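Colleague: Got a predicted model here, sequence first, then my questions.
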Amino acid sequence: MARIVMKFGGTSMAGTERIRRVANIVRAQAAKGDQVAVVVSAMAGETDRLVNFCREANPLYDPAEYDVVVASGEQVTSGLLALTLQALGCKARSWLGWQLPIHTIEAHAKARVESIDSNVLIASLEAGEIAVIPGFQGLSEDNRVTTLGRGGSDTSAVAVAAAIKADRCDIYTDVDGVYTTDPRIVAKARKQKAVTYEEMLELASVGAKVLQTRSVGLAMKEKVRVQVLSSFIGEGAPPADDLPGTMIVSDEEMDDLVEKGLMERQLVTGIAHDKNEAKVILTRVPDRPGAVANIFEPLAAASINVDMIIQNVGRDKGETDVTFTVPQSDLARAQALLEDRRDAIGFNRIITDSKIAKISVVGVGMKSHAGVASSMFRALSERGINIQAISTSEIKISVMIDEDETELAVRVLHTAYGLDAVS
Ligand code: ADP
Ligand code: ASP
Ligand code: MG
């Protein structure tokens, strides 16, 4: 007997027919004698629809009320899956975020899970009941509904797995594993048998949305075994224990797989893109100590994450332009905050541009090999793609480019690093 958390994403839950397919997969796992907790997303497109309602109601919406609205999508699917499982003769019930509860910090729309009261959940599993838990939602200390940021059901699943000490957390989605890049953009992307936590963390943080970044960080910290696999499988498909998904593994396990010839060591593990950032340029900022702090302190205080930052070379009059990126969803708030402080910061204009994309190449091989960045710049320049900003970490290089060139850039780099599958 194993204890398994099964998470199903939006495409897998989109409509009663698909929910029935999910229910069958869950029933098969439970029929093996395993204890099963299921975490579900809202139906595909539903969260976007709810976010739009919030924007229409009030462009500078209160994140606490936004959470009340957007958390509702998962309430619907968790109830529907419990109903469908019951129709198949399984004992199942839903547990909403506030009922368990899943305690989170108060940062609405981007809350972090602090703890989950797992006793009732474990008791229910031990009584042979399938627990269906809406992903994405939690409860703040002051008793208000919170959500974990877009894609947050992955994190709910890993948090539940850690809390109930599950043997595995299976993330069922609409692709059958983690690929060298988004297989919807590059047809020649290759599926990986295994990816290390560190690489997956970096890939997720730069836009490979197959797993939410926080879910990978949490899995790494809590040592949760995570597998990514497809929910679009036929009736007679093998159980998840034997399915060829992608396993997220420790460095030691990866060394083992390489030694056994099951994985190849690659310089670049994957390429990711992110179209959800926006560029902000503040012109003619005073070129003196404290000026940049005046810009970024209010953004940090408002929990707005700034990513790439460039401070241009100062002009003659002791002024400089400062360029940076923020999530598009925070752009309106960032702009309003900076406008409010125009005099204190002392800038001239705010120019914003949402039509940018960040392309990143990730691989632990970069720690020990030079030349990965220069190959990237060369490959992009040969296709006439202009780089507007660059940032790096130990195992990643990112560039900011025009959004229209995203797909081309990803394809070019995938080929340049020798990642294309041989057909
Ligand atoms: P879910 O609704 O199941 O949570 P998501 O849409 O959040 O699914 O994530 C799955 C999607 O992630 C895939 O459909 C794919 O387009 C995208 N994706 C991006 N990068 C990768 C990658 N490297 N490997 C696999 N899928 C990726
Ligand atoms: N429904 C939420 C979203 O679309 C959470 C999730 O699906 O993971 O972001
Ligand atoms: Mg997702």
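Modeller: Structure received. Ligands and ions are numbered 1, 2, ... in the order given.
Colleague: Around whichever residue of the stretch 251-400 of the chain sits closest to ligand 2, count how many other residues there are.
Modeller: Per Cβ to the nearest ligand atom, the residue of the stretch 251-400 of the chain with the smallest distance to ligand 2 is residue 329, at 11.1 Å. Quick note: C-beta positions are derived from backbone N, CA and C, even for glycine. Neighbour count for residue 329, taken as other Cβ atoms under 10 Å: 17.
Colleague: Find the nearest non-adjacent residue to it, please.
Modeller: If you skip the residues right next to it in sequence, residue 329 has residue 276 as its closest partner in space, 7.3 Å away by Cβ to Cβ, 6 or more residues apart in numbering.
Colleague: now do residue 46
Modeller: Excluding the flanking residues, the one nearest residue 46 by Cβ to Cβ, 6+ apart is residue 73, at 4.1 Å.
Colleague: average pLDDT across whichever strand or helix holds the one you found?
Modeller: Per DSSP states H and E, residue 73 falls inside helix 72-87. Computed over helix 72-87, the mean pLDDT rounds to 98.
Colleague: List the contacts of whichever residue of the stretch 101-250 of the chain sits closest to ligand 3.
Modeller: Going by Cβ to the ion, ligand 3 is nearest to residue 151 of the stretch 101-250 of the chain, at 4.2 Å. Contacts for residue 151 (Cβ atoms under 8 Å, 6 or more residues apart in numbering) come out as 209, 211-212.
Colleague: Can you report how many residues neighbour residue 63?
Modeller: 18.
Colleague: separation between the closest residue to it other than its chain neighbours and residue 403?
Modeller: Distances taken as Cβ to Cβ, 6+ apart put residue 108 closest to residue 63, at 3.5 Å, once the chain neighbours are dropped. Remark: distance between residue 108 and residue 403 (Cβ to Cβ, to the nearest Å) = 28 Å.
Colleague: Tell me which of those two has more neighbours.
Modeller: The neighbour comparison of residue 108 against residue 403 (other Cβ under 10 Å) goes to residue 108, with 20 against 16.
Colleague: Can you tell me the SS state at that one?
Modeller: coil (DSSP: H, G, I helix; E, B strand; the rest coil).
Colleague: Next up, phi/psi of it, please.
Modeller: Backbone torsions for residue 108, taken as degrees, to the nearest 10, come to phi -60, psi 140.
Colleague: Isn't it up against residue 70?
Modeller: No - if you go by Cβ atoms under 8 Å, residue 108 and residue 70 don't touch, sitting 10.1 Å apart.
Colleague: Give me the common contacts of those two.
Modeller: residue 147.
Colleague: circling back: and the residue nearest to residue 46, how many residues sit next to it?
Modeller: 28.
Colleague: ok so, going back, among the contacts of residue 151, which has the minimum pLDDT value?
Modeller: residue 209 (91).
Colleague: Chain neighbours aside, what residue packs nearest to that one?
Modeller: Of all residues beyond its chain neighbours, the one nearest residue 209 is residue 151 (5.8 Å), with distances taken as Cβ to Cβ, 6+ apart.
Colleague: three-state assignment of the one you found?
Modeller: Per three-state DSSP, residue 151 ends up coil.
Colleague: residues near the one residue in the stretch 1-150 of the chain that gets nearest to ligand 3, how many?
Modeller: Ligand 3 sits closest to residue 9 of the stretch 1-150 of the chain, with a gap of 4.8 Å, by Cβ to the ion. For residue 9, the count of nearby residues is 25 (other Cβ under 10 Å).
Colleague: which secondary element of this protein has the worst mean pLDDT?
Modeller: Least confident element among the helices and strands of the chain, by mean pLDDT, DSSP states H and E: strand 309-311 (a mean of 90).
Colleague: Name the nearest residue to residue 372, ignoring sequence neighbours.
Modeller: Nearest to residue 372 is residue 366, by Cβ to Cβ, 6+ apart, at 5.0 Å.
Colleague: Hmm, residue 394 and that neighbour touching each other?
Modeller: Yes - using Cβ under 8 Å, residue 366 is in contact with residue 394, at 7.1 Å.
Colleague: So for the two, which residue has more residues nearby?
Modeller: The neighbour count for residue 366 versus residue 394, taken as other Cβ under 10 Å, is higher for residue 366 (21 against 9).
Colleague: Now for the most centrally placed residue in the chain: which residues touch it?
Modeller: Nearest to the geometric centre of the chain sits residue 212, at 2.2 Å (Cα atoms, centre = their mean). Residue 212 sits next to 148-155, 204 when contact means Cβ under 8 Å, 6+ apart.
Colleague: so how far is residue 60 from it?
Modeller: According to Cβ to Cβ, residue 212 and residue 60 sit 25 Å apart.
Colleague: hang on, residue 297 in a strand?
Modeller: No - Residue 297 is assigned helix when assessed by three-state DSSP, not a strand.
Colleague: How many residues are close by the one residue in the stretch 51-200 of the chain that gets nearest to ligand 2?
Modeller: Going by Cβ to the nearest ligand atom, ligand 2 is nearest to residue 153 of the stretch 51-200 of the chain, at 3.2 Å. Residue 153: 30 surrounding residues under other Cβ under 10 Å.
Colleague: what's the answer for the one 10 residues further on, then?
Modeller: Residue 163 is flanked by 21 other residues according to other Cβ under 10 Å.
Colleague: Please verify my assumption that residue 282 contacts residue 345.
Modeller: Yes - in this structure, residue 282 is within contact of residue 345 by Cβ under 8 Å, at 7.2 Å.
Colleague: Can you work out which residues contact both of these two?
Modeller: Applying Cβ under 8 Å, 6+ apart, one finds that residue 282 and residue 345 are jointly contacted by 295, 338.
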